[in-house]
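> Sequence plus predicted model, see below.
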Amino acid sequence: MSVVRAQGSCVAIRSLSPSSSIDRCSHAHGSAASSDDATCGTPAWIGKGLTCVCFKRKGAYEQICINLTPQQAKRLKRLKHRMKAYFDASNPDHKEALRALWSATFPGQELHGLISDQWKEMGWQGKDPSTDFRGAGFISLENLLFFAKTFSTSFQRLLKKQGGERAAWEYPFAVAGVNITFMIMQMLDLDATKRRTFIRSVFLQMLSENEWAFDLLYCVAFVVMDKQWLERNATYMEFNDVLKSTRTQLEKELLMDDVLRIEDMPSYSLLC
C-alpha cells in the first residue's frame, strides 16, 4: 500500500495484487473528472488491456492511475451486468434462486409455492416476492441469498428481530434488504457519466481484490442499519432516515485510511 497526501487531503491507495500497478495519471484534471465509466480514457476499455481509475477527494485533485488487468476489469463488468438484471419470474435460474433463498431462510420448512402467503414470514409485502424486486432487480435477491449462506447467524438474528428492544412496528426484513441493495447501488454509482466520487474509486479497488466486495458490503450495511435502528429506537416511518444514516456510516468507514478491504471496515465485526 502507498499513501499520497496532498494539501490537506489524504488519498489512501488500496493494496494491489501482484498483477496490478499504480502510476500517476497524466490526464488533465477536467477530463479526468468527467470521463465515463469511472476511468481515464474511453468507456470502451473492457477487454482491451489495462486502464486506470482516477482518485479525487474533497475538492482537491490527486490523480492516481490504478492499472486493472483484464481479469479485474471483467469483475467490474460482471458486477454492472448483475446490477442491470431484472428479476424474471419465468427464468428457471431466477426461480431456483428464490427457492434457495427460502431454504436458506427457513431450513426444513417446506415452501408451498413461489406465490404463497408464506413469503410474508420473510418480510415481503405480499405473497409474490417477485413484485418487490423491481426496485433493485435480481441482484437484491442474490444479496439476500449471499447473506443467508455466508453469515447465517447474523441473517437469522436480523430476520427474527433478536437482540435489543424492538419497535412495535418493525421494518419488513426482506423489503429492507431490497432497499439496502438499492442504497448501495446509488452510493457507488458505478454507471455514472458525471463527476465520480472518491467512494466509488475506493470500492473499485476493493472489487479488484475481491469479486464479492459488493455482496460483503451489503451484509455490513444490513447489520449497520439494524444497529442504528435499535440505537435510534426507530419506527417503520423512520426507515428512510435510518437508511440515510447507514449510508453515511458506510461512507465514513470506507474512507478510513486503514480500510483496504470490506473486511477491514470496523462494522464488519458485527457480522457472525
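In hand now; what should we look at?
> how many other residues sit next to the residue nearest to Asp117 when sequence neighbours are not counted?
Distances taken as Cβ to Cβ, 6 or more residues apart in numbering place Lys127 nearest to Asp117, at 4.8 Å, with adjacent residues excluded. For glycine as for every other residue, the C-beta is placed from the backbone atoms N, C-alpha and C. If you count neighbours by other Cβ atoms under 10 Å, Lys127 ends up with 14.
> In terms of helices and strands, where is Lys127?
Assessed by DSSP states H and E, Lys127 sits outside every helix and strand.
> Equivalent analysis for Ala148, please.
Secondary structure (DSSP H and E) places Ala148 in helix 138-150.
> Find out how far that helix is from the centre of the chain, if you would.
Averaging C-alpha positions (Cα atoms, centre = their mean, to the nearest Å) puts helix 138-150 11 Å from its chain's average.
> counting contacts, what elements does that helix pack onto?
Secondary-structure packing of helix 138-150 (3 or more Cβ pairs under 8 Å, 6 or more residues apart in numbering; DSSP states H and E): helix 70-84, helix 92-105, helix 152-159, helix 173-188, helix 213-231.
> how about 7 Å then?
helix 70-84, helix 92-105, helix 173-188, helix 213-231 (3 or more Cβ pairs under 7 Å, 6 or more residues apart in numbering; DSSP states H and E).
> May I see the buried residues of that helix?
For helix 138-150, a neighbour-count test (16 or more other Cβ atoms under 10 Å) marks 138-148 as buried.
> Let me have these in a markdown table, adding pLDDT and distance to Asp117 as columns.
Output for those, formatted as a markdown table (pLDDT from 0 to 100; distance: Cβ to Cβ, whole Å):
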| residue | pLDDT | distance to Asp117 |
| --- | --- | --- |
| Phe138 | 96 | 23 |
| Ile139 | 97 | 26 |
| Ser140 | 97 | 21 |
| Leu141 | 97 | 19 |
| Glu142 | 98 | 24 |
| Asn143 | 98 | 24 |
| Leu144 | 98 | 19 |
| Leu145 | 98 | 21 |
| Phe146 | 98 | 26 |
| Phe147 | 98 | 23 |
| Ala148 | 98 | 20 |
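> quick one: which of the residues you listed is nearest to Phe173?
Leu144 (9.0 Å; Cβ to Cβ).
> Give me the distance between that closest one and Glu253.
Separation of Leu144 from Glu253 (Cβ to Cβ, to the nearest Å) stands at 22 Å.
> swap in Ile199?
10 Å.
> what do you get for Leu217?
Shown here: Leu217 relative to Glu253, a distance of 10 Å by Cβ to Cβ.
> of the two, who's got more company?
Counted by other Cβ under 10 Å, Leu217 and Glu253 do not tie: Leu217 has more neighbours, with 23 against 17.
> for the more buried one, what are its contacts?
184, 262 (Cβ atoms under 7 Å, 6 or more residues apart in numbering).
> swap the cut-off to 6 Å and go again
Neighbouring residues of Leu217 by Cβ atoms under 6 Å, 6 or more residues apart in numbering: Ile262.
> can you start the count at 37 instead of 1 from here on
Shifting the count to begin at 37 puts that one at Leu253.
> tell me the pLDDT at it?
If you check Leu253, the pLDDT there is 98.
> repeat for the one 5 residues further on
Model confidence at Phe258, given as pLDDT, is 98.
> Tell me how many other residues crowd it.
25.
> Residue ranges in the stretch 37-186 of the chain under the pLDDT threshold?
37-105, 107-108 (pLDDT under 70).
> mind redoing it with 80?
By pLDDT under 80, the low-scoring segments of the stretch 37-186 of the chain are 37-108, 171.
> what does the stretch 187-308 of the chain give?
In the stretch 187-308 of the chain, residues with pLDDT under 80: 199-205, 227-233.
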